[in-house]
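**Student:** Turn this into a model:
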Amino acid sequence: MTLVDANGRLSAPPRLPKSHRLFTPIRLVVLSFGSVIVAGTAFLSLSVATSDHHAISLVDALFTATTSVCVTGLVVHDTGTRFSLFGQVVILCLIQLGGLGYMTLATMLSAVLGRKVGVQRQLAVRESLGQFGMHEARPLLRRALAFTITVEGFGALFYVLLFHRYLPWPKAAWYGAFHSVSAFCNAGLDLFGQRFGPFASLVPFVNDPGVVLVTAAQIILGGLGFLVVSELLAFRGFRRASLHTRVVLRCTLLLLALSTAMVFVLERRPSGTVAGLPVYQQLLHSYFTAVTCRTAGFNTLTLSRMQDATLVFMCFLMFVGGSPGGTAGGIKTTTLVVVLSAIWATVRGNEHACLHERTLTHSLVYRALALFAMAVGVVFFCTSLLLVTEESHLASPSAFHSAAIYVFFESTSAFGTVGLSTGITPALTTVGKLIIILTMFLGRVGPISLAAALAARERPSHVRYPEGQLPIG
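**Tutor:** Down below sits the predicted model:
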């Protein structure tokens, strides 16, 4: 862009302040998550944060803070038994901040209070929510905040009524509030270890369909994404919905149906985890497993006893994750759809990928393929490193599976910010914990977002070289 001065001469556009060039929107998102993690680590490393007033190690505090902010759910210490009420409150705050995004939450509060929201902050919110335009940021965030409060409030109320059968009213109220936030934010952290034993998750509620269904509803509502929810609240017919909303809803329903059927078929075999349950419970827990793999982290079935085929299929679901703009992780459903559309177009010999009578731009396809490839690389690299660092004491963690299956499952769960684990997380070495911490952070902010945040500035190329050909396959 060029400007004309008072004398009619061309002049260069004004340079942005150094702070604006240094703190780009994506960098602000990355730095905000990192800052909250550092603050959470400081609080959780205090002796007052633990139930026995013996402070946990700095690495464990960092791990717990990261898994809370990144809403993953992998834990090295049982939340209900190891942490005091103060520590649990800190974890709850970290989950809420991480689920909505620190910058997003700050902008929500600014918008609600009627304060001016700067362009830089709106750009950061756009990166956090996956929003395409800034003009809708303020009303979108207001609706998102109202929706979050409503869903978490009603979820807490339902939980209190359900948990009162197992707990006194005061503790049922606290458990209801904690698990409502944890479920909606797709965190998967729970406090049931204090009541049913460490690392219990929802396994004790295998015969309680109320708890299972409420949790599943919270997970789905949190994982759909604020953009989709905003359109659904102003529903004008499915055919008039945006391409994003149609893709997300169809892909979500298809994945839920497919994964429920897969878990049901694989796990009802004689050695499966649902084999001895009535048929309606087999369907219920197959459905819940399909839902929780979308980056929630709760489980009603013992994962270490599942079939190899089931665990591998769950890794695919965890890798995909939820939808853009929501609290879930993974590469997102839209990325999967774009990649599959590009593959289908290539197989058919079409130059452009199309979806619902819309042509997908080459830049969109490139970004989806880049994100997919980088995500595969992160999971592969994390798995390889863990097999090296944890091989000595994870050689035979169970009679059901090899160490490789467990490590691959753990790596995918960390990247997808899911939190499901076969039980090896507390046994990780210090190096292994650091690897998982980095993987969770990369999975939350996104490989491309992190790469862009580390880049000094965009350098668009104005050079176009002659076309070249290479043999493929």
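**Student:** where do the strands sit along this protein?
**Tutor:** 3-4, 10-11, 353-355, 358-360 (DSSP state E).
**Student:** Pairing partners for the third one, with directions?
**Tutor:** What it means is strand 353-355. Note on strand 353-355: by DSSP bridges, its sheet partners are strand 358-360 (antiparallel).
**Student:** For the partner strand, what is the distance to the chain centroid?
**Tutor:** Centroid separation between strand 358-360 and its chain, computed with CA atoms, centre = their mean, to the nearest Å, is 27 Å.
**Student:** and it, average pLDDT?
**Tutor:** Averaged over strand 358-360, pLDDT sits at 88.
**Student:** neighbours around Thr67, how many?
**Tutor:** 32 (other CB atoms under 10 Å). Heads up, the C-betas are built off the backbone N, CA and C, glycines and all.
**Student:** now the one 10 residues further on
**Tutor:** His77 is surrounded by 23 other residues when neighbours are defined as other CB under 10 Å.
**Student:** Need the pLDDT of it.
**Tutor:** pLDDT, His77: 95.
**Student:** what sits against the residue positioned nearest the centre of the chain?
**Tutor:** Among the residues of the chain, the smallest C-alpha distance to the mean C-alpha position (CA atoms, centre = their mean) belongs to Gly329, namely 2.3 Å. Neighbour list for Gly329: 70-72, 186, 295, 321-322, 415-418, 443-444 [criterion: CB atoms under 8 Å, 6 or more residues apart in numbering].
**Student:** out of those, who's nearest Leu253?
**Tutor:** Distances from the contacts of Gly329 to Leu253 were compared by CB to CB; the smallest belongs to Gly322, at 13.3 Å.
**Student:** Go ahead and confirm the closest one touches Gly223.
**Tutor:** Yes. Taking contacts as CB atoms under 8 Å, Gly322 lies within contact range of Gly223: 3.4 Å.
**Student:** which neighbours do these two share?
**Tutor:** Contact criterion CB under 8 Å, 6+ apart; residues shared by Gly322 and Gly223: Asn186, Arg294, Thr295, Ala328.
**Student:** Count the neighbours of the residue nearest to Tyr166 when sequence neighbours are not counted for me.
**Tutor:** Using CB to CB, 6 or more residues apart in numbering and skipping residues adjacent in sequence, the residue nearest Tyr166 is Arg195, 6.5 Å away. If you count neighbours by other CB under 10 Å, Arg195 ends up with 16.
**Student:** Also Ser51?
**Tutor:** By the criterion of other CB under 10 Å, Ser51 has 17 neighbours.
**Student:** ok, now which ones touch it?
**Tutor:** Shown in contact with Ser51 (CB under 8 Å, 6+ apart): Thr81, Arg82, Phe83, Ser84, Gly87.
**Student:** for Val376, same thing?
**Tutor:** Here Val376 is in contact with no residues (criterion: CB under 8 Å, 6+ apart).
**Student:** on that earlier part again, roughly how far apart are the residue nearest to the centre of the chain and Ala296?
**Tutor:** Taking CB to CB, to the nearest Å as the measure, Gly329 falls 10 Å from Ala296.
**Student:** which residues are common contacts for the two?
**Tutor:** By CB under 8 Å, 6+ apart, Gly329 and Ala296 have these common neighbours: Asn186, Val418.
**Student:** isn't Thr359 right up against His352?
**Tutor:** Yes. Taking contact to mean CB under 8 Å, the distance of 4.9 Å between Thr359 and His352 places them in contact.
**Student:** So Val48 sits against Ser84, correct?
**Tutor:** Yes. Under the contact definition of CB under 8 Å, Val48 touches Ser84, with a separation of 6.6 Å.
**Student:** Which one's more surrounded, these two?
**Tutor:** A count of neighbours by other CB under 10 Å puts Ser84 above the other of Val48 and Ser84, at 16 against 12.
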